[in-house]
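Visitor: Fold the following for me, if possible:
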Amino acid sequence: MPLFKKNKYSTVRTTTKRDIPAGLWLKCKGCEAITYQSSLAENHNVCAKCDHHYPLTAQERIELLTDPGSFAEIDATLRSVDALQFAGGTVYGGKLEEARTKTGLCDAIVCGSARLDGRALALGVMDFRFMGASMGSVVGEKVTRITERATRDGLPLVIVTASGGARMQEGMLSLMQMAKTSGALARHGDAGLPYVVIMTHPTTAGVTASFASLGDVILAEPRALVGFAGPRVIKQTTQSELPTGFQSAEFLVRHGFIDRVVSRTQLRRELSLLLEYFSGCCRCAGEAGAV
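Guide: Down below sits the predicted model:
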């Protein structure tokens, strides 16, 4: 046969495996489905298959909740200092510089004025990338200043929370921010102005115990962790069995601590509706139609 009469076998041509760019796909942490990174970004970092919510940066969150080009940041240059000389004055300062380089932010919250569907509002957005969005003196000061500005200008206030709690490197100076922010919010409420909180994963400890829990309306993203202390500490303190998922947003809605769980893809519309409902108590009510 011709096959056995050949002196040399023909060379089989193989195709070269094409290099696939890194970061093109992502395996979802919720459903383990493979999805394009670009598709995830277009859907505000929410998995279209299982609704798993990935974190957003402060800038991404601002773009989601405001009209294009309307956000004007205030107090952008405020920076934390190592007033207590924590651990000899070397550890905390290094962590601050590292966080600033990593995020491009001066601290863990971005505040400013903006518009949403033409309605003016004061907005604060926490960024978990900056030292776990821990609340130090600067975070407390910026929350207080944006609240006082909203009170002065007659604006609704919206704060998006995400935090691991108080910043231990600032000790009592950090804990003082709980009272300071709560006082400013009390004056804002006394002026008859609305305050909306949007809790994202995770919102815990001193932030939960102060300005995050004082909203007239409290929204949360699905499956966000919301609580004060960890389950182990609570169990040891109360000496009782804890319900499954008791620190999830869904559990807290059922027990009245949170008003509504809203998917990120619907959050802009939900917030716009709230501002419309509250518009009668804000000085900006007459400005919306002129924009």
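
Visitor: Can you give me the buried ones in the helix or strand containing residue 251?
Guide: Using DSSP states H and E, the secondary-structure element containing residue 251 is helix 249-254. Going by neighbour count (16 or more other CB atoms under 10 Å), the buried part of helix 249-254 is 249, 251, 252, 253. Glycine gets a C-beta too; all of them are placed from N, C-alpha and C.

Visitor: Once you drop chain neighbours, what's closest to residue 31?
Guide: residue 50 (3.7 Å; CB to CB, 6 or more residues apart in numbering).

Visitor: count of neighbours near the one you found?
Guide: Residues contacting residue 50 under the criterion other CB atoms under 10 Å number 13.

Visitor: do residue 181 as well
Guide: For residue 181, the count of nearby residues is 26 (other CB under 10 Å).

Visitor: Distance check, it against residue 223.
Guide: Using CB to CB, to the nearest Å, we find residue 181 at a distance of 26 Å from residue 223.

Visitor: With residue 206 instead?
Guide: Distance from residue 206 to residue 223, by CB to CB: 22 Å.

Visitor: try residue 140
Guide: 28 Å.

Visitor: So if I had to pick from these two, which one is more boxed in?
Guide: Neighbours per residue (other CB under 10 Å) separate residue 140 from residue 223, with residue 140 holding more: 28 against 15.

Visitor: Just to be sure, the more buried one is in a helix?
Guide: Yes. Assessed with DSSP: H, G, I helix; E, B strand; the rest coil, residue 140 lies in a helix.

Visitor: What is the burial count for residue 272?
Guide: Residue 272 has 16 neighbours, counted by other CB under 10 Å.

Visitor: pretty sure the residue nearest to residue 31 is in a helix, no?
Guide: No. Per three-state DSSP, residue 50 lies outside any helix segment and is coil.

Visitor: Poorly predicted segments of this protein, please.
Guide: Across the chain, the ranges flagged by pLDDT under 70 are 1-23, 89, 281-291.

Visitor: follow-up on the earlier one: include distance to residue 104 when you put the buried residues of helix 249-254 into TSV, please.
Guide: Shown next, in TSV, are the buried residues of helix 249-254 (distance: CB to CB, whole Å):
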residue	distance to residue 104
249	29
251	35
252	33
253	34
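
Visitor: now, among these, which is nearest to residue 229?
Guide: Within those, the smallest distance to residue 229 is 14.9 Å, found for residue 252 (CB to CB).
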